[in-house]
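[1] pasting the structure only:
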């Protein structure tokens, strides 16, 4: 057994290394929306599964990740990246990078990079662990140093400032002028979205009428539009509309619902399109056909992979990767928390 001072030192070194590993090229907004099924800036609680790749900036509790490996776009990122602790998670493909502790979890395919302690878990691929190991099955073996594949995932994990990038994207989209697109109501609860595209095939709806989200049915007529931006100006939204004609699935990769000012969003029916809400807590009570890019997430329905393939017109420039000083501070904070817990 490793003595406590040595174990704490190992964890401290791992935390500092993790905080300073940002050599990979930061992702653009377009790449983020394409490569990820979910980006959650703070905590994620899941009672369901995510088809594609996920990045969680806080802690992750529960959930089944990277279920559709063959459909996931290529990326340097792991199937699941968690900057904090992860508990009761299952990763099916792409491996995992966890900045804190891993407990009660399974990594079925791919490597594991865990900077904290591992307990009561099953790691079926090779794994590097910065802390202690207790009550776990290491079917792929514990390696003394990071392999090239592990290093790639670890470098990618902190290379992009997701909060800054998604915030800049949301602000940029919100400033776009409407393209003449409109919403009409039939008086029986149906909202019809009539898209008018610009020369680049992008249609912009500026939804100043909060009544849109009170509708019971959504119908879409896209015309020549290949990308649809729907800017919602309100703070909160509860959405229970049915997407008619299977449009939730068929249009999931083309729609971006931009909730720049929202703090709380709830979906109560199958929903289609990317949800971009960097300041909001999202609760999805039914499946979402598209990506989720939010502050925090209470996942109760499935997140189905509909990789965004439209155009961001205009899109913000790439946000530089975090500075070394800020990353070292993050490592120092993790060390301080570790010492506090040990006392």
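    Now that the structure is in, tell me what you want to look at. It should be emphasised that the depicted structure is a prediction, and the values quoted were computed from it without experimental measurement.

[2] where does the spatially most central residue of the chain land on pLDDT?
    With distances taken as Cα atoms, centre = their mean, residue 39 lies nearest the centre of the chain, 1.3 Å away. pLDDT, residue 39: 98.

[3] and it, how far from residue 231?
    Computed as Cβ to Cβ, to the nearest Å, the residue 39 to residue 231 distance reads 19 Å. (Each C-beta comes from the backbone N, C-alpha and C, glycine too.)

[4] swap in residue 74?
    From residue 74 over to residue 231 (counting by Cβ to Cβ), the distance is 30 Å.

[5] who's more crowded, those two?
    Neighbours around residue 74 and residue 231, counted as other Cβ atoms under 10 Å, are more numerous at residue 231. The numbers are 21 against 7.

[6] so after the helix or strand containing that one, what's the next helix or strand?
    In the assignment (DSSP states H and E), residue 231 maps to strand 227-232. Sequence-wise, the next helix or strand downstream of strand 227-232 (DSSP H and E) is strand 236-239.

[7] report the buried residues of that next one.
    236, 237, 239 (16 or more other Cβ atoms under 10 Å).

[8] could you check how far the helix or strand just after it is from the centre of its chain?
    Heading C-terminal from strand 236-239, the first helix or strand you meet, by DSSP H and E, is strand 242-243. When distances are taken as Cα atoms, centre = their mean, to the nearest Å, strand 242-243 is centred 24 Å away from the chain's centroid.

[9] pLDDT averaged over strand 242-243 - what is it?
    If you average the pLDDT over strand 242-243, you get 98.

[10] and stretch 102-113, by the same measure?
    For stretch 102-113, mean pLDDT rounds to 97.

[11] apart from its neighbours in sequence, what residue is nearest residue 303?
    Once flanking residues are discounted, residue 303 sits nearest to residue 50: 4.5 Å by Cβ to Cβ, 6 or more residues apart in numbering.

[12] now residue 116
    Distance criterion Cβ to Cβ, 6+ apart; nearest residue to residue 116, sequence neighbours excluded, is residue 101 at 3.8 Å.

[13] tell me the contacts of the one you found?
    By Cβ atoms under 8 Å, 6 or more residues apart in numbering, the contact list for residue 101 reads 85, 86, 114, 116, 117, 118, 119, 131.

[14] go again with 6 Å.
    Contact analysis of residue 101 by Cβ atoms under 6 Å, 6 or more residues apart in numbering lists 85, 116, 117.

[15] lowest-confidence helix or strand of this protein?
    Here the helix or strand of the chain ranked lowest by mean pLDDT, DSSP states H and E is helix 324-342, holding a mean of 43.

[16] what sits up against the host helix or strand of the residue nearest to the centre of the chain?
    Applying DSSP H and E as the criterion places residue 39 in strand 38-40. Residues from elsewhere that reach strand 38-40 (Cβ under 6 Å, 6+ apart): 50, 54, 55, 56, 162, 292, 293, 297, 303.

[17] among those residues, name the buried ones.
    Among those, those classed as buried by 16+ other Cβ under 10 Å are 50, 54, 55, 56, 162, 292, 293, 297, 303.

[18] what about residue 165, how many neighbours?
    Neighbour count of residue 165, defined by other Cβ under 10 Å: 22.

[19] ok but it is inside a helix, no?
    Yes: Residue 165 sits within a helix when classified using DSSP: H, G, I helix; E, B strand; the rest coil.

[20] pLDDT at it, what is it?
    In this model, residue 165 is scored at 97, pLDDT.

[21] quick check, residue 119 in contact with residue 133.
    No: counting by Cβ atoms under 6 Å, residue 133 is not a contact partner of residue 119; they are 7.8 Å apart.

[22] against residue 160, how distant is the nearest residue to residue 159 once chain neighbours are set aside?
    Nearest non-adjacent residue to residue 159, counting by Cβ to Cβ, 6+ apart: residue 24, 3.8 Å away. Using Cβ to Cβ, residue 24 is found at 8 Å from residue 160.

[23] more neighbours: these two, which one.
    Legend: neighbour count by other Cβ under 10 Å for residue 24 and residue 160, higher for residue 160 (26 against 19).
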